[in-house]
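No letters, just coordinates:
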């Protein structure tokens, strides 16, 4: 593996108990970074920590709901206490909506999807920025989605949240570039993960969106998404800032 300049650095990865987040945590560890594995599922997070350790890496787990400010604070405090700071933040944790059209979105669905997919990344970013500013460097990588580019890939709540992630990414890139902090995102297409879909196929949203399904091509493996995240977090991407990279086998080109 190419030396990406990640050896000895501290990385926080959310949603790291499975799927893309797990793959990112393992790749960071292989590159020599020390990893905070943050996930809602304690058993899954500890299993990834064990995997990292078995490969000779160093990781610690933090579990809890990132919609809770106390959990956000604990994630960052753990990185600071265990590893001396935060060099890389990967905001990867996310949930799907029910593919609902706007008129059918309940407050609970809207609030939960926005909390997890947009507000939690913002709060984590806000919490790590003082530590990155003190070091004069940092890399933030957000997991957006194909739904950040189009209106046909998800429901109203998820689509709005992922568009917001792109806006947050670009705002960070401009406002902190002179401080040595970069912010980028990936926009995954269809990827093999454990995220479950709970939809009513007869509702307006799923029925309308179904007409646009089928253009996404091959389903990616989590490791294919992770490879791009690790690159964007690394010194190999030192002049890449404010970019949203589709990792979608050309879906965004259709």
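Received it, and whenever you're ready, just let me know what you need. These numbers were taken from a predicted model, which means no experiment stands behind them.

make it CA atoms for all contacts and neighbour counts henceforth
OK.

C-terminal to the lowest-mean-pLDDT helix or strand in the chain, what's the next element?
In the chain, no helix or strand scores lower on mean pLDDT, DSSP states H and E than helix 204-209, which sits at a mean of 85. The helix or strand immediately downstream of helix 204-209 is helix 222-233, counting by DSSP states H and E.

how about the least confident helix or strand of the chain: buried residues?
Applying a neighbour-count criterion of 16 or more other C-alpha atoms under 10 Å, the buried positions in helix 204-209 are 204, 205, 206, 208, 209.

Please render those as a markdown table that adds distance to residue 43 to the earlier fields.
Below are those laid out as a markdown table (distance: C-alpha to C-alpha, whole Å):
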| residue | distance to residue 43 |
| --- | --- |
| 204 | 37 |
| 205 | 34 |
| 206 | 33 |
| 208 | 38 |
| 209 | 35 |
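
Out of those, which two sit at the greatest distance?
204 and 209 (8.4 Å; C-alpha to C-alpha).

which residues of the stretch 51-200 of the chain score low on pLDDT?
Low-confidence segments of the stretch 51-200 of the chain (pLDDT under 70): 196.

let's see 80
Scanning the stretch 51-200 of the chain for pLDDT under 80 picks out 194-200.

So which other helices or strands are in contact with the helix ranked longest in the chain?
Taking DSSP state H as the criterion, the chain has its longest helix at helix 156-176. For helix 156-176, the packing partners by 3 or more C-alpha pairs under 8 Å, 6 or more residues apart in numbering; DSSP states H and E come out as helix 107-114, strand 138-143, strand 181-188.

and residue 37, which of those is closest to it?
Residue 37 lies closest to strand 138-143 among the helices and strands packed on helix 156-176, at 15.1 Å (C-alpha to C-alpha).

What pairs with that closest one, parallel or antiparallel?
The pairing partners recorded for strand 138-143 under DSSP bridges are strand 88-91 (parallel), strand 181-188 (parallel).

Same list (these) but as JSON lines, adding distance to residue 223 and mean neighbour count.
Putting the strands paired with strand 138-143 into JSON lines (distance: least, C-alpha to C-alpha, whole Å; neighbours: other C-alpha atoms under 10 Å) gives the following:
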{"stretch": "strand 88-91", "distance to residue 223": "15", "mean neighbour count": "27"}
{"stretch": "strand 181-188", "distance to residue 223": "12", "mean neighbour count": "26"}
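
between those strands, which one is nearest to residue 69?
strand 88-91 (14.9 Å).

ok, residues contacting the closest one?
9-15, 121, 124-125, 128, 138-143, 229, 233 (C-alpha atoms under 8 Å, 6 or more residues apart in numbering).

can we see that at 6 Å?
Outside of strand 88-91, the residues within contact range by C-alpha atoms under 6 Å, 6 or more residues apart in numbering are 11, 12, 13, 14, 121, 138, 139, 140, 141, 142.
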